[in-house]
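Peer 1: When you get a sec, could you give me coordinates for this:
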Amino acid sequence: MAERPPEDPRDRVGRLYDAHGASLFRYAVMLLADAAAAEDAVHQVFTALLRPSAPVQIDDATHYLRRAVRNECYSTLRRHKSRAECAERAGRDGSPPLLESIATDEGTGATPDERLALERALRSLPAEQREVVHLHMFEGLTFQEIATAANESINTIASRHRYALARLREVLGSRHG
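Peer 2: Modelled structure (predicted):
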């Protein structure tokens, strides 16, 4: 019997990208509030998997890749003078909306004005709060799963979620008041 040749790492990484790339990009966009920076972060993670110096045995690809993208995003944020500068720049450079790749206007029941208001409200949140909102509401993770992925306590994650929702209510409520 002939042995199978070893799998080409590019094929393995390509399959991982096909399976997880879109979700990781949405996650990075929500963290960075900048589509171009999000693309770069996801690209860096997948490129790192191809380096022969760092062969990675991945037991849970979803968890590993989300953690790697998270680390790359926070490194990007640290490279900016302030997190607010990153979000402000993203709003000026024509980046697509944070919500664009998550849901379309069809089927959401939201008007374009409501989506724009939510977009602005989300951009007003700190990255840590946007992260929790995204992972909980759009990816369906529990607070415990988010806490494990972020290496934070569940109380910290629950607080970030609570503060984010309060801020969103405040910003969106003032729009109607």
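Peer 1: Tyr64: neighbour count?
Peer 2: Tyr64 is flanked by 17 other residues according to other Cβ atoms under 10 Å. Using the backbone N, CA and C atoms, a C-beta is placed for each residue, glycine as well.
Peer 1: Flag every buried residue along the host helix or strand of it.
Peer 2: Assessed by DSSP states H and E, Tyr64 sits inside helix 61-79. For helix 61-79, a neighbour-count test (16 or more other Cβ atoms under 10 Å) marks Tyr64, Leu65, Arg66, Arg67, Ala68, Val69, Arg70, Glu72, Cys73, Tyr74, Thr76, Leu77 as buried.
Peer 1: Tell me which residue is most central in this structure.
Peer 2: Tyr27 (1.6 Å; Cα atoms, centre = their mean).
Peer 1: For the helix or strand where that one lies, buried residues please.
Peer 2: Per DSSP H and E, Tyr27 falls inside helix 9-32. Going by neighbour count (16+ other Cβ under 10 Å), the buried part of helix 9-32 is 13, 16-17, 20-21, 23-32.
Peer 1: One more: stretch 154-161?
Peer 2: Ile157, Ala158, Arg160, His161.
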